[in-house]
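K.L.:
generate coordinates for the sequence data below:
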Amino acid sequence: MGKAGDTLKQVLDKYDITQYRFAATMGVERTSVARWCKGKIDPTGDSIIEIVRTLKILNQDAATEFVSTYLSSELDP
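P.N.:
Got it, this is the predicted structure:
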């Protein structure tokens, strides 16, 4: 469990985006973001799309890195 959450945590840390700021921008509870980042729950498919949209608002490079890291194994030939 948790590849999306692990990737999100990594990106938030790298780009100095707090869970609070991310959650507020996304419109979800900070506890949801914390659970994703700790691998306690996985974000739904719809949430993954919203994560990318939110990261684009906060930092385009963070959004790009999230997508490329999260999907890296699927994109490799």
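K.L.:
what pLDDT does the nearest residue to residue 3 once chain neighbours are set aside get?
P.N.:
Once flanking residues are discounted, residue 3 sits nearest to residue 70: 6.6 Å by C-beta to C-beta, 6 or more residues apart in numbering. Where C-beta positions appear, they are placed from N, C-alpha and C, glycine not excepted. Here, the pLDDT recorded for residue 70 equals 88.
K.L.:
just residue 28 next, same as before
P.N.:
For residue 28, pLDDT reads 97.
K.L.:
helix, strand or coil for it?
P.N.:
coil (DSSP: H, G, I helix; E, B strand; the rest coil).
K.L.:
that one: how many residues sit nearby?
P.N.:
By other C-beta atoms under 10 Å, 17 other residues sit near residue 28.
K.L.:
dihedrals phi and psi, it?
P.N.:
phi -120, psi 170 (degrees, to the nearest 10).
K.L.:
for the residue nearest to residue 3, what are its contacts?
P.N.:
Neighbouring residues of residue 70 by C-beta atoms under 8 Å, 6 or more residues apart in numbering: 3, 4, 7, 48.
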